[in-house]
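>>> Okay, structure incoming, though there's no sequence with it:
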Ligand SMILES: Cc1ncc(COP(=O)(O)O)c(C=O)c1O
């Protein structure tokens, strides 16, 4: 019965073009990726500064592993806090120019730990509608009244702030948003949000996951670029994107950190990340804030201008609508040698499936120009009928392409995309 339920659920996802499969990469994260023996230009990684495979970052991780072991052995509060964790937190606080900072095992664990620790049943959370799942899940876990506001709409946010003050006069009111949105690549109207927050006595939780490393002085993020960092109560980010490692963090007052050390359950009840990831992130921060970081950001900007100069950071979405349209477009680009993932619900709202290209300073200008040409030609690039010599991105087996589907011929793999032909 249980297996039947699993099979039926997977078949349903298949039917709706919503099934995900893991692709096995055979190379380090970088400007190219290898799937099934095939090398593709990689426009799917958030390694915006190309630091994940940077020699000094990798060496720092290796050294920390030799010195501190492969695992931390316990949660941070028991015996898992090792010197690299402390050094990372000091460096993060200096980077964000706050009294203190605190690292978590992942960005997801940061959102799901911090929001329920700070907000409770008698509080209100006003959340941008396009906020990342970690923020949505954290808000839900908190038990607070949640009121989403239209994406990047300060007018509706102000309306909700008034509503919250009137209906919940004793509540603490939290505004939760990202600074650069993960799937849309646009920037929040942060100055207006900070002004509103102050005017209405609310508390701002800002996730800078996709802005850190990319925007602001030394890559400090959008809040720094706009000069409002000192007015934000809770600054949040990840170490696994531009900083090339893994983990998440919050930065703020000493009291905030001391409180979260005691109350954030994803911190309290989880084994500390290995020292290697902390040491790697610390070295990445040094690079990010130094001259090399500035050069990498300048290159990233040049590359971004090739794709779309109006985009503020390193994320470039092409919104296509249906799931199958996005899958088909991703598949067509793959045939041309580009890995640009199709993003579908629940990552984005239904009807807004898209291709999402992310740039890295490690990309070659030529590759980005070729991608732009491929995207421009996408409308006239039907998938060929019948067999080709293309390779399955999951297992490396032979792919059969027919008018409305792409199927792996390996009997054990099962990779299959079905398109709605009436849409194409
Ligand atoms: C805005 C945002 N916050 C948090 C996260 C989660 O970070 P992590 O991947 O480190 O868990 C992501 C990841 O994509 C993100 O886009």
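Perfect, I can see it now. As the structure is a computational prediction, the values presented were derived from the model and not from experiment.

>>> Could you give me the buried positions within stretch 166-182?
Neighbour-count burial for stretch 166-182, with 16 or more other C-beta atoms under 10 Å as criterion, is recorded at 171, 172, 173, 174, 175, 176, 177, 178, 179, 180, 181, 182. C-beta: built from backbone N, CA, C; applies to glycine.

>>> no no, stretch 134-150
Buried residues in stretch 134-150 (16+ other C-beta under 10 Å): 134-136, 138-139, 141-142, 144-149.

>>> Next: stretch 63-77.
63, 64, 65, 68, 72, 75, 76.

>>> With stretch 90-97 instead?
91, 92, 93, 95, 96.

>>> now for the host helix or strand of the first one, which elements pack on it?
Put plainly, it is residue 91. Residue 91 belongs to helix 83-96 when assigned by DSSP states H and E. Packing contacts for helix 83-96, counted by 3 or more C-beta pairs under 8 Å, 6 or more residues apart in numbering; DSSP states H and E, involve helix 55-68, strand 100-104, strand 248-252, helix 275-289.

>>> can you rerun that using 6 Å?
Identification of packing neighbours for helix 83-96 by 3 or more C-beta pairs under 6 Å, 6 or more residues apart in numbering; DSSP states H and E yields strand 100-104, strand 248-252, helix 275-289.

>>> quick one, phi psi at the closest residue in space to residue 157 that isn't next to it in sequence?
Residue nearest to residue 157 in three dimensions, not counting chain neighbours: residue 149, with 4.6 Å by C-beta to C-beta, 6 or more residues apart in numbering. Torsion angles at residue 149 (phi, psi; degrees, to the nearest 10) stand at phi -110, psi 150.

>>> Could you measure from residue 312 over to residue 304?
Going from residue 312 to residue 304 by C-beta to C-beta, to the nearest Å gives 9 Å.

>>> Who does the closest residue to residue 185 other than its chain neighbours form a beta bridge with?
Nearest non-adjacent residue to residue 185, counting by C-beta to C-beta, 6+ apart: residue 315, 3.1 Å away. Beta-bridge partners for residue 315, by DSSP bridges, are residue 358.

>>> Point to the residue nearest the middle of the chain.
residue 182 (5.4 Å; C-alpha atoms, centre = their mean).

>>> Please list all residues in contact with it.
Shown in contact with residue 182 (C-beta atoms under 6 Å, 6 or more residues apart in numbering): 132, 210.

>>> and if we set it to 7 Å?
Shown in contact with residue 182 (C-beta atoms under 7 Å, 6 or more residues apart in numbering): 132, 209, 210.

>>> What ranges in the stretch 51-200 of the chain fall below the confidence cut-off?
Within the stretch 51-200 of the chain, not a single segment meets pLDDT under 70.

>>> ok and the residue in it nearest the ligand?
residue 107 (2.1 Å; C-beta to the nearest ligand atom).

>>> My read is that that residue contacts residue 134, right?
Yes. Counting by C-beta atoms under 7 Å, residue 107 touches residue 134, with 6.1 Å between them.

>>> picking up where we left off before, now, which of the buried residues of stretch 134-150 lie close to the ligand?
Applying C-beta under 6 Å from any ligand atom to these, one finds that residue 134 fall near the ligand.

>>> any chance of the buried residues of stretch 134-150 in CSV, with secondary structure and distance to residue 369 too?
Below are the buried residues of stretch 134-150 laid out as CSV (DSSP: H, G, I helix; E, B strand; the rest coil; distance: C-beta to C-beta, whole Å):
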residue, secondary structure, distance to residue 369
134, helix, 34
135, helix, 35
136, helix, 37
138, helix, 40
139, helix, 41
141, helix, 45
142, helix, 46
144, coil, 47
145, strand, 49
146, strand, 44
147, strand, 44
148, strand, 39
149, strand, 38
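
>>> Quick one: distance of stretch 8-23 to the chain centre.
The chain centre lies 22 Å from the centre of stretch 8-23; the measure is C-alpha atoms, centre = their mean, to the nearest Å.

>>> switch to numbering from 687
With 687 as the first residue, the last one maps to stretch 694-709.

>>> Quick check: buried residues in that stretch?
Quick answer for stretch 694-709 (16+ other C-beta under 10 Å): 703, 705, 709.

>>> Could I get the full set of helices for the stretch 787-936 of the chain?
793-804, 819-828, 840-853, 876-885, 908-911 (DSSP state H, counting those that start in this stretch).

>>> got it, and the stretch 987-1110 of the chain?
Using DSSP H, counting those that start in this stretch, helices in the stretch 987-1110 of the chain cover 1009-1021, 1051-1062.

>>> give the contact list for residue 899.
Going by C-beta under 7 Å, 6+ apart, the list of residues near residue 899 reads 734, 735, 905, 927, 928, 929, 974.

>>> hmm, try it at 6 Å
Going by C-beta under 6 Å, 6+ apart, the list of residues near residue 899 reads 734, 735, 905, 928, 974.

>>> What of residue 726?
Residue 726 touches 719, 1023, 1025, counting by C-beta under 6 Å, 6+ apart.

>>> Give me the subset of those residues that lies in strands.
Within these, residues falling in strands by DSSP state E are 719, 1025.

>>> out of the contacts of residue 726, who has the most neighbours?
residue 1025 (23 neighbours; other C-beta atoms under 10 Å).

>>> what's the pLDDT at that residue?
pLDDT for residue 1025: 96.

>>> Leaving aside the residues adjacent along the chain, what's closest to it?
Residue 1025 sits nearest to residue 726 (C-beta to C-beta, 6+ apart), 4.2 Å away.

>>> looking at this, that neighbour is in a strand?
Yes. Checked against DSSP: H, G, I helix; E, B strand; the rest coil, residue 726 lies within a strand.

>>> Give me the contacts around stretch 700-719.
So stretch 700-719 is contacted by 699, 720-721, 725-728, 731, 733, 738-739, 1009-1010, 1013, 1025, 1030, 1046, 1048-1049, 1079-1080 (C-beta under 6 Å, 6+ apart).

>>> Find the residue closest to residue 848 in space, skipping its chain neighbours.
residue 886 (7.6 Å).

>>> okay, now that neighbour: neighbour count?
With other C-beta under 10 Å as criterion, residue 886 counts 17.

>>> roughly how far apart are it and residue 850?
8 Å.

>>> what does residue 1030 give?
33 Å.

>>> Near the ligand, which residues of the stretch 787-936 of the chain are found?
Near the ligand, when you scan the stretch 787-936 of the chain using C-beta under 6 Å from any ligand atom, you find 792-794, 797, 818, 820, 864, 868, 893, 895-896, 924, 926, 934.

>>> Quick check: ChimeraX command selecting the buried ones in those.
To isolate the buried ones among those in ChimeraX, judged by 16+ other C-beta under 10 Å, type:
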select :792,793,794,797,818,820,864,868,893,895,896,924,926,934
